[in-house]
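Engineer: Sequence below, structure please.
(one chain, ligands or ions: 1)
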Amino acid sequence: MTIAMALPRPADRLVVIGVLNVTPDSFSDGGRHDSPATALRRGRELWAQGADLVDVGGESTRPGAGPVDAAEQIRRVCPVIEALAALGVPMSVDTTRAAVAAAALAAGASVINDASGGLADPDMARVASDAGCPWILTHWRGPSVAMAASARYRDVVAEVAQELTERVAAAERAGVDPGQLVIDPGLGFAKRPEHDLALLRQLGRLADLGLPVLVGASRKSFLGAALADATGAPRPVDRREAATVAVTAHAAAAGAWGVRVHEVAASLDAARVIAAIRAADGGAASGGALAGRALGGRAVGGRAAGGGTGGGTGAERAGAERAGTTR
Ligand code: PMM
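Structural biologist: Numbers count the residues shown, from 1 in each chain. Purely as a prediction, here's the structure:
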């Protein structure tokens, strides 16, 4: 099956990417899907929930995690990607290693999700440019083991925007089509909770760079800190789901292109409701008190308009396929 090398662009809502970590040690889902069979089952679940992309990764990027060599990442992700591709599931590969990206693209992934923004492996730009596929560039200041020490900023939003601009320029110099680039502030990557929150509050300044913006907040520690109990203990990882959906709604209202989340269904609902609110014009023309007041409501990704993937959730798509109504 040939998988299109284009970004999903639902006409009217935020893209929702489902996380599938085929790792023993990721901070949230590590160890849950680290056999091909369990990973395949989870990938199918995410697709059925309506994921626009399933993001398959074989290396934990949690703070302090050590590197996983390319051969081991390939061993973890490629069988899963091949099996999901055979079902028609669109996928990104979450890796900072060019060899892993190349193997994953050959196995059926269609997007590179590079949490290092191209910095970890100088060959990544060539792989992205040769494949002509979308490339997600995440803000990064060094490997997971050294991340905490580089979480120093005078103006985190300005510095992240500047450093992402440099990554975009480097990708373009390497021959990558700018229409295939997505930027991501890298929440939790060399960031303290106050940095993550400031980046979310000012997402529009990243959107102003003119590229689609992806937000990866799902279950991250700044959400645990924001929901700390009376003793100051952070909310445990497995109870950050509502907080994750809150960020999805915020990102959608601020005009982000997509979110990367562990549970797709609730974020997809949030994305659809925000899209419905943004599309509503009843009363706006007659000028209610809040009518027309922008909530950061610009379209992100000025270089690439509309398009669409046919819309609908995975479950709806599956239903339509059963009913023979897909185009
Ligand atoms: N975060 C993680 C992994 N990959 N990719 C992008 N583009 N953005 C992110 O914020 C991001 C990512 C770490 O989270 P995980 O361990 O739950 O996968």
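Engineer: secondary structure element for residue 243?
Structural biologist: Element membership for residue 243 (DSSP states H and E) is helix 241-253.
Engineer: So which elements touch that helix?
Structural biologist: helix 193-201, strand 214-215, helix 221-226, strand 258-261, helix 264-279 (3 or more C-beta pairs under 8 Å, 6 or more residues apart in numbering; DSSP states H and E). Where C-beta positions appear, they are placed from N, C-alpha and C, glycine not excepted.
Engineer: which parts of the third one are buried?
Structural biologist: If you call a residue buried by 16 or more other C-beta atoms under 10 Å, then helix 221-226 has these buried ones: 221, 222, 223, 224, 225, 226.
Engineer: ok, those residues vs residue 53, which is closest?
Structural biologist: residue 223 (22.1 Å; C-beta to C-beta).
Engineer: tell me the contacts of the nearest residue to the closest one once chain neighbours are set aside?
Structural biologist: Counting by C-beta to C-beta, 6 or more residues apart in numbering, residue 243 is the residue found nearest to residue 223 once chain neighbours are left out, at 4.1 Å. Residue 243 sits next to 223, 226, 227, 235 when contact means C-beta atoms under 8 Å, 6 or more residues apart in numbering.
Engineer: Apply 7 Å and report the result again.
Structural biologist: Contact analysis of residue 243 by C-beta atoms under 7 Å, 6 or more residues apart in numbering lists 223, 226, 227.
Engineer: just to revisit the earlier point, ok and the helix holding residue 243 relative to helix 193-201, angle-wise?
Structural biologist: Helix 241-253 runs at 40 degrees relative to helix 193-201, counting by axes from the mean of the first three to the mean of the last three C-alpha atoms, to 10 degrees.
Engineer: Helix 241-253 versus helix 264-279: what angle between them?
Structural biologist: Using the same axes, to 10 degrees: helix 241-253 against helix 264-279 is 30 degrees.
Engineer: for helix 241-253, the distance to its chain's centre please.
Structural biologist: Here the centre of helix 241-253 is set off from its chain's centre by 13 Å, with C-alpha atoms, centre = their mean, to the nearest Å.
Engineer: quick one: residue 18 and residue 164, what's the gap?
Structural biologist: 24 Å (C-beta to C-beta, to the nearest Å).
Engineer: who's more crowded, those two?
Structural biologist: The residue with more neighbours, out of residue 18 and residue 164, is residue 18; 29 against 24, by other C-beta atoms under 10 Å.
Engineer: Wasn't residue 106 part of a strand?
Structural biologist: No - Residue 106 is assigned helix when assessed by DSSP: H, G, I helix; E, B strand; the rest coil, not a strand.
Engineer: Count the residues that sit near it.
Structural biologist: 12.
Engineer: same question, the one 10 residues further on
Structural biologist: Using other C-beta under 10 Å, residue 116 is surrounded by 22 other residues.
Engineer: Could you do the one 5 residues further on as well?
Structural biologist: Each residue near residue 121 was counted by other C-beta under 10 Å, and the total is 19.
Engineer: Is it part of a helix or strand, or is it coil?
Structural biologist: Residue 121 is classified as coil under three-state DSSP.
Engineer: what's near enough to touch it?
Structural biologist: 96, 97, 98.
Engineer: Residue 97 versus that one, what's the distance?
Structural biologist: Counting by C-beta to C-beta, the gap from residue 121 to residue 97 is 5 Å.
Engineer: next one: residue 85
Structural biologist: 20 Å.
Engineer: neighbour count winner among these two?
Structural biologist: The neighbour count for residue 85 versus residue 97, taken as other C-beta under 10 Å, is higher for residue 97 (26 against 19).
Engineer: what's the helix or strand for residue 19?
Structural biologist: strand 15-21.
Engineer: now residue 55
Structural biologist: strand 53-57.
Engineer: angle of that strand against strand 15-21?
Structural biologist: 30 degrees.
Engineer: elements contacting strand 53-57?
Structural biologist: strand 15-21, helix 36-49, helix 70-86, strand 91-94 (3 or more C-beta pairs under 7 Å, 6 or more residues apart in numbering; DSSP states H and E).
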